[in-house]
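In: Whatever this is, show me its structure:
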Amino acid sequence: MTYAFDPEIAAAIPMLPPQSDLTDLPAAREQLKELIAELRGGADATGVLVRDELVPGPEGAPDVPVRIYVPEQLTTPAAILDVHGGGFMVGDLDFDHAANLEFARKLGVVVVSVEYRLSPETPFPGGLEDCYAALVWTAKNAAELGFDPARLAIHGVSAGGGLCAALALLARDRGGPAIAFQYLGVPEIDDRLDTPSMRAFVDTPMWSKPRAEISWDCYLGSGVRGGADVPVYAAPARAADLAGLPPAYISVMEFDPLRDEGIAYAQALLAAGVTTELHLFPGTFHGSSLVPHAAVSKREAAEAIAVLGRALGVD
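Out: Alright, predicted model coming up:
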């Protein structure tokens, strides 16, 4: 299929790394680590104090690794809990390291990044419960970390966006920590894989329907996706009650299989009375921000800073 990609992005597609084989997860995970090291390694940590900790995990589960970013100039008593992407199957604390340094430095807020257990070794709800444990710990330790617990946002992209959407539902339903804002970048939230964009985009770069099928089968277990019993905390697009959720920002890419589920979720949030901002970036695909010199990628990165800053009351 031919796609009308942004010219700057289209020119860079042949230079993108080959897609990893998700049927060989150990190799895919290693390939991702090498890619992240190549693209974002040596990130400038000037002005940010970074430390890794283990925080209490879900009951009966291991402790959860987190990475804490505290700017030397903590200008706003607010925090971001970051949940990395990777199709529920790949990724670690290094995945969002460069972006989290930028958030901490440019916004002057605390950032806590969580390394949740991956599927298929730990299927749903293990990874989500790890994220919830990190959320609880972050809110509980707000005074020590130096932020107001009423000014805590969650941020995730792709599967991380899906986990953040689920985290907002879980915190609401459990009466858990207050979440001031949910940033859902190109969220992976619908296991049914039946939107027009999902059906159409079977050969797009970085993410496609075949890769989404593998992702959901790993996360839910073989033969589960699309069935009647998938919980809303696994696939938030299935949620019928979105009232009372935190204000949201949702981004979608024009030629991304996840595009239409993100748009539908934004519409559903609005219908439930949740203040929601939706932005479709034209000429893009899932992960096209890996072409950082493209003007549209620069706009996407700048908007993340602006949106989170506005939500957290950054001056």
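In: Please enumerate the helices of the stretch 51-200 of the chain.
Out: For the stretch 51-200 of the chain, the helices defined by DSSP state H, counting those that start in this stretch cover 97-107, 126-140, 142-145, 159-174, 196-200.
In: Mind checking these for the one nearest to V114?
Out: Closest to V114 of the helices of the stretch 51-200 of the chain, according to C-beta to C-beta: helix 126-140, at 3.9 Å. Glycine gets a C-beta too; all of them are placed from N, C-alpha and C.
In: mind saving the C-alpha coords of the closest one as CSV?
Out: In CSV, the C-alpha atoms belonging to helix 126-140 read as follows (Å, rounded to 0.1, in the frame of the first residue of the first chain):
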residue,chain,number,x,y,z
GLY,A,126,1.1,-8.3,36.0
GLY,A,127,2.6,-5.4,34.2
LEU,A,128,-0.3,-3.1,35.0
GLU,A,129,-0.1,-4.1,38.7
ASP,A,130,3.6,-3.2,38.7
CYS,A,131,2.6,0.3,37.2
TYR,A,132,-0.1,0.7,39.9
ALA,A,133,2.4,-0.2,42.6
ALA,A,134,4.8,2.4,41.3
LEU,A,135,2.0,5.0,41.2
VAL,A,136,1.1,4.2,44.8
TRP,A,137,4.7,4.5,45.9
THR,A,138,5.2,7.7,44.0
ALA,A,139,2.2,9.4,45.6
LYS,A,140,3.0,8.0,49.0
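In: Residues contacting it, please?
Out: 55-58, 61, 64, 66, 79, 81, 83, 88, 112, 114-119, 145, 149, 152, 154, 163-164, 166-167, 170-171, 174, 176-179, 219, 233-234 (C-beta atoms under 8 Å, 6 or more residues apart in numbering).
In: Show the buried residues in those.
Out: 55, 57-58, 64, 66, 79, 81, 83, 88, 112, 114-119, 145, 149, 152, 154, 163-164, 166-167, 170-171, 177, 179, 219, 233-234 (16 or more other C-beta atoms under 10 Å).
In: Mind checking which of those are in strands?
Out: V55, V64, V66, A79, L81, V83, V112, V114, L152, I154 (DSSP state E).
In: So what sits opposite I250 in the bridge?
Out: L184, L278 (DSSP bridges).
In: That one is in contact with T275, isn't it?
Out: No. At 11.7 Å, I250 does not count as touching T275 under the criterion of C-beta atoms under 8 Å.
In: and those two? which has more neighbours close in?
Out: I250 (26 against 12; other C-beta atoms under 10 Å).
In: tally of neighbours for I36?
Out: 18.
In: and among the helices of the stretch 51-200 of the chain, the most buried is which?
Out: helix 159-174 (a mean of 25; mean count of other C-beta atoms under 10 Å).
In: by contact count, what packs against that helix?
Out: Applying 3 or more C-beta pairs under 8 Å, 6 or more residues apart in numbering; DSSP states H and E, one finds that helix 159-174 contacts strand 79-83, helix 126-140, strand 152-157, strand 181-185.
In: Would you mind writing the CA trace of it as PDB?
Out: The C-alpha trace of helix 159-174 is given here as PDB (Å, rounded to 0.1, in the frame of the first residue of the first chain):
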ATOM      1  CA  ALA A 159       1.700   0.300  25.000                       C
ATOM      2  CA  GLY A 160       2.800   2.700  27.700                       C
ATOM      3  CA  GLY A 161      -0.200   4.900  26.700                       C
ATOM      4  CA  GLY A 162      -2.500   1.900  26.900                       C
ATOM      5  CA  LEU A 163      -1.100   1.100  30.400                       C
ATOM      6  CA  CYS A 164      -1.600   4.700  31.500                       C
ATOM      7  CA  ALA A 165      -5.200   4.600  30.300                       C
ATOM      8  CA  ALA A 166      -5.700   1.400  32.300                       C
ATOM      9  CA  LEU A 167      -3.900   2.900  35.200                       C
ATOM     10  CA  ALA A 168      -6.300   5.800  35.300                       C
ATOM     11  CA  LEU A 169      -9.300   3.500  35.300                       C
ATOM     12  CA  LEU A 170      -7.700   1.300  38.000                       C
ATOM     13  CA  ALA A 171      -6.900   4.200  40.300                       C
ATOM     14  CA  ARG A 172     -10.400   5.600  39.900                       C
ATOM     15  CA  ASP A 173     -12.100   2.300  40.700                       C
ATOM     16  CA  ARG A 174      -9.800   1.400  43.600                       C
END
